[in-house]
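J.: how would this look folded up:
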Amino acid sequence: MDPYAVLGIKITSGREDIEEAFRRLELRYNPNNVVTGDQVRYEDVCEAYIRLTPQPKFFFEAMQMDEAARAFGFGNMEQALREIDNIFNPKKRK
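T.: This is a model prediction of the structure:
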């Protein structure tokens, strides 16, 4: 996959151009958009953006933690931590 082609920008594009293209396409292909939403295109746009912009280390660690949480049947790490908290702090349950 060519991230520049996915975002529709030139190889010489700067960070501002990359972010502008990402924002525009992210809104268009977001699965929550009932008119133009497209899950596959949305994932391609997000992957292209990640490839073209430097991401902090904690971003990738958070992605790995979410993958681990999904392996145990949770939607993401936040949901897993809430469930664990409910086990050890039953008084907090609603």
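J.: by contact count, what packs against the one helix or strand residue 46 maps to?
T.: Take DSSP states H and E as the rule and residue 46 turns out to sit in helix 39-52. For helix 39-52, the packing partners by 3 or more Cβ pairs under 8 Å, 6 or more residues apart in numbering; DSSP states H and E come out as helix 3-7, helix 15-29. From N, CA and C alone the C-beta is placed, and that goes for glycine too.
J.: list the buried residues of the last one.
T.: Spelled out, it's helix 15-29. Within helix 15-29, the residues that count as buried by 16 or more other Cβ atoms under 10 Å are 18, 21-22, 25, 29.
J.: ok, now stretch 81-94?
T.: Result for stretch 81-94 [16+ other Cβ under 10 Å]: no buried residues.
J.: what about that stretch, distance to the chain center?
T.: For stretch 81-94, the separation from the chain centroid amounts to 27 Å (computed by Cα atoms, centre = their mean, to the nearest Å).
J.: how about residues contacting it?
T.: residue 74 (Cβ atoms under 8 Å, 6 or more residues apart in numbering).
J.: what do you get for stretch 19-31?
T.: Stretch 19-31 is contacted by residues 7-9, 13, 33, 36-39, 41-42, 45-46, 48-49, 53 when judged by Cβ under 8 Å, 6+ apart.
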